[in-house]
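Asks: Here is the input, now give the coordinates:
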Amino acid sequence: MSKDLEKNHSELIYDSDVSSAEAYLQNELLKEQDKDIKYRSMGWVKTAFLLLSEYICLAIMSFPWSYSVLGLIPGLIITVFVALTVLYTGRIIGDYCARYPHLTNVCDIGQHLFWNQKWAWWLTALCFIINNTLIQGLHSLVGAKYLNTVSNHGACSVAFAVVASIICFIFSLPRTFSHMSLVGIFSAVTMFLAVLLSLIFAGIQEHPDKYVETAPVVYRLWPEKGTSFVSGCAAMLNIVYTFVGQITYPSFISEMKNPKDFKKALNVVTTIEVIVFALAGSIIYVYVGDEYITAPAFGSLSGHYKIIAFSFAIPTIIFLGALYSNVSSQFIYFQIFKPNSIHRNSHTAKGWITWVLLNAIFWILAFIIAEVIPFFSDLLSLMSSLFDCWFGFVFWGVAYIRIKQAKYKDQYQGFINFYRILTLSEKFNLIINLGLIGCGIFIFGPGTYASVDSIVLSYQADDYGKVFSCASNGI
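Replies: From the prediction side, this is the model:
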């Protein structure tokens with residue numbers, strides 16, 4: 001095995017052919033054969049369950065709210081469109097990671113994409129950690145929201161958030177994604193049941209929560225006249241935020257025995273996503289209507305229906321926060337202990353102490369951020385516009401171009417000549433990927449403006465609570 005295949009971040013291979021990629025992968029599998037902790041141990045089925053646990057999540061229950069703003073037909077169109085872009089870019093990621101198996105996370109890929117510059121690795125790493133930690137913070141708050149709901153505010157919300165964070169921390173501790181996927185199966189199944197029960201309860205309940213006779217249930221096929229750009233963009237970003245999970249794909253693929261099988265998992269999961277997301281968004285919205293819709297939609301269910309459906313979401317609330325902590329901790333862990341370190345693949349005291357401390361640090365940070373920032377819900381829209389534009393669109397449009405440049409590396413000089421030597425299908429795909437880059441730039445520009453404007457408007461309306469507030473956030 002060439003030593004070039006084991007260079008560190010500052011010396012990543014910029015060009016790779018199929019034979020060298022396969023040789024590198026086989027060498028990695030051989031090195032792990034006699035190790036206590038084996039990372040490359042997942043097949044495509046376990047990967048599919050891991051992806052399902054990431055996507056069949058609480059955010060599904062905010063789709064009815066998005067449809068109430070966008071209208072049913074535009075909401076469904078945007079849902080399908082975003083799903084197809086994620087499927088398309090996910091397949092590019094699969095190809096990229098199969099060609100360059102030494103790139104084990106999105107930060108390595110960020111450096112690799114942008115001229116192998118170290119600044120690209122550091123900038124991607126910063127966004128990667130912030131994104132994951134904010135998602136952890138969301139799950140800390142949602143855990144407190146659930147506990148407040150079922151206990152009728154039986155304790156201070158901060159105390160409930162602490163409890164939720166501690167539970168999530170415990171479930172963050174498995175060392176490999178293969179082990180995490182086993183919990184993920186249960187998480188995805190219970191969340192699916194939560195969504196299914198919500199659909200049923202929305203249809204059979206006498207009326208939505210807080211119903212009044214003077215305001216009947218009404219839904220719209222198109223946006224209400226006068227819907228602002230800010231509210232429409234926020235609803236669109238909510239859908240984008242739910243689908244755009246590509247930031248974790250390279251980390252998952254890095255633990256697959258055969259990275260080429262990632263596409264199988266992605267195809268299955270995307271099909272399930274579109275069906276579940278579209279049905280949940282449309283059916284609950286139609287039965288609840290504009291006046292009574294909440295995000296998450298559990299709050300639109302009346303009485304015990306709300307508690308029952310929301311309770312089935314507990315495993316997802318815990319697991320998905322734990323998953324993002326696990327991804328971040330593994331990323332830092334691998335920077336601390338290099339590939340030849342005994343602490344990577346063996347159960348050493350130093351290794352486990354480091355692993356536990358990393359997860360604990362991320363959960364402490366997530367809890368503090370979630371409690372200190374009063375506009376945390378709007379912060380997620382801002383996060384989507386700032387980060388998802390790159391990790392969901394721009395990166396992978398550039399990745400397609402890089403793959404084709406590697407294929408034709410000895411046959412072109414300049415972009416125009418590069419375009420001329422592409423096949424007809426490659427030219428078509430190039431145009432699609434340039435369009436994806438354009439979508440990312442739109443989300444970054446106007447999307448960020450809309451998110452910031454929403455925060456300003458909410459401040460003016462005094463919609464935000466106080467720092468470390470004991471007030472109930474139950475639904």
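
Asks: what's the following helix or strand after the lengthiest helix in the chain?
Replies: Ranked by residue count, the top helix of the chain under DSSP state H comes out as helix 118-151. Counting by DSSP states H and E, the element after helix 118-151 in chain order, helix or strand, is helix 157-171.

Asks: Mind giving me the packing neighbours of that following helix?
Replies: helix 118-151, helix 314-336, helix 349-372 (3 or more CB pairs under 8 Å, 6 or more residues apart in numbering; DSSP states H and E). Heads up, the C-betas are built off the backbone N, CA and C, glycines and all.

Asks: Just put those in TSV and tack on mean neighbour count, distance to Ile293 and mean pLDDT.
Replies: As requested, the helices and strands packed on helix 157-171 are exported to TSV (neighbours: other CB atoms under 10 Å; distance: least, CB to CB, whole Å; pLDDT from 0 to 100):
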stretch	mean neighbour count	distance to Ile293	mean pLDDT
helix 118-151	21	17	92
helix 314-336	23	21	95
helix 349-372	18	24	95
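
Asks: okay, the ones you listed in JSON lines with distance to Gly75 next?
Replies: Output for the helices and strands packed on helix 157-171, formatted as JSON lines (distance: least, CB to CB, whole Å):
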{"stretch": "helix 118-151", "distance to Gly75": "22"}
{"stretch": "helix 314-336", "distance to Gly75": "22"}
{"stretch": "helix 349-372", "distance to Gly75": "28"}
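
Asks: Which one, of the ones you listed, ends up nearest to Cys439?
Replies: Evaluated over the helices and strands packed on helix 157-171, closeness to Cys439 peaks at helix 118-151, with 17.8 Å, by CB to CB.

Asks: Show me what the one helix or strand Ser454 maps to is in contact with.
Replies: Secondary-structure assignment from DSSP H and E places Ser454 in helix 448-460. Contacts with helix 448-460, where a contact means CB atoms under 8 Å, 6 or more residues apart in numbering, come from 229-231, 233-234, 237, 375, 378-379, 381-382, 384-386, 464.

Asks: May I have stretch 397-417 exported as PDB, CA atoms only?
Replies: This file holds the C-alpha atoms of stretch 397-417, laid out as PDB (Å, rounded to 0.1, in the frame of the first residue of the first chain):
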ATOM      1  CA  GLY A 397     -22.500  20.900  -7.300                       C
ATOM      2  CA  VAL A 398     -18.700  21.600  -7.000                       C
ATOM      3  CA  ALA A 399     -18.100  17.900  -6.200                       C
ATOM      4  CA  TYR A 400     -19.700  16.800  -9.500                       C
ATOM      5  CA  ILE A 401     -17.400  19.200 -11.400                       C
ATOM      6  CA  ARG A 402     -14.400  17.900  -9.500                       C
ATOM      7  CA  ILE A 403     -15.300  14.300 -10.400                       C
ATOM      8  CA  LYS A 404     -15.500  15.100 -14.100                       C
ATOM      9  CA  GLN A 405     -12.300  17.100 -13.900                       C
ATOM     10  CA  ALA A 406     -10.500  14.100 -12.500                       C
ATOM     11  CA  LYS A 407     -12.000  11.900 -15.200                       C
ATOM     12  CA  TYR A 408     -10.800  14.300 -18.000                       C
ATOM     13  CA  LYS A 409      -7.700  15.700 -16.200                       C
ATOM     14  CA  ASP A 410      -5.400  15.200 -19.200                       C
ATOM     15  CA  GLN A 411      -7.800  16.400 -21.900                       C
ATOM     16  CA  TYR A 412      -8.800  19.900 -21.200                       C
ATOM     17  CA  GLN A 413      -7.600  23.400 -20.400                       C
ATOM     18  CA  GLY A 414     -10.100  25.900 -19.200                       C
ATOM     19  CA  PHE A 415     -13.800  25.600 -18.500                       C
ATOM     20  CA  ILE A 416     -15.000  26.100 -22.100                       C
ATOM     21  CA  ASN A 417     -12.900  23.300 -23.400                       C
END
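
Asks: How far away from the center of its chain is that stretch?
Replies: 29 Å (CA atoms, centre = their mean, to the nearest Å).

Asks: what does the model give Tyr459 for pLDDT?
Replies: pLDDT, Tyr459: 78.

Asks: Ok, Ile60 next?
Replies: pLDDT at Ile60 comes out at 93.

Asks: what's the burial count for it?
Replies: Look at Ile60: counted by other CB atoms under 10 Å, it has 26 neighbours.

Asks: Now it. Nearest residue, chain neighbours left out?
Replies: Ala280 (5.2 Å; CB to CB, 6 or more residues apart in numbering).

Asks: Check which helices and strands the one helix or strand the one you found maps to sits against.
Replies: Following DSSP H and E, one finds Ala280 within helix 262-288. If you count contacts as 3+ CB pairs under 8 Å, 6+ apart, helix 262-288 packs onto helix 44-55, helix 63-70, helix 72-99, helix 177-204, helix 229-243, helix 249-253.

Asks: between the helix or strand harbouring Phe442 and helix 72-99, how big is the angle?
Replies: Here Phe442 sits within helix 424-442, counting by DSSP H and E. With axes from the mean of the first three to the mean of the last three CA atoms, to 10 degrees defining the directions, helix 424-442 sits at 120 degrees from helix 72-99.

Asks: Just the buried residues of helix 424-442, please?
Replies: If you call a residue buried by 16 or more other CB atoms under 10 Å, then helix 424-442 has these buried ones: 426, 429-430, 433, 436-437, 439-440.

Asks: what's the answer for stretch 415-424, then?
Replies: Under the neighbour-count criterion of 16+ other CB under 10 Å, stretch 415-424 has 418, 422 buried.

Asks: Repeat that for stretch 209-220.
Replies: Applying a neighbour-count criterion of 16+ other CB under 10 Å, one finds 209, 211, 219-220 buried in stretch 209-220.

Asks: Repeat that for stretch 80-99.
Replies: Quick answer for stretch 80-99 (16+ other CB under 10 Å): 82-83, 85-99.

Asks: Distance from the helix holding Ser454 to the middle of the chain?
Replies: That offset, for helix 448-460, works out to 23 Å (CA atoms, centre = their mean).

Asks: Excluding residues flanking it in the chain, which one is nearest the residue nearest the centre of the chain?
Replies: The centroid of the chain falls nearest to Gly245 when counting by CA atoms, centre = their mean (3.2 Å). If the residues on either side of it in the chain are set aside, Gly245 comes closest to Glu54, at 5.2 Å by CB to CB, 6+ apart.

Asks: Is the one you found in contact with Leu323, as I believe?
Replies: Yes: in terms of CB atoms under 8 Å, Glu54 counts as a neighbour of Leu323; the distance is 6.6 Å.
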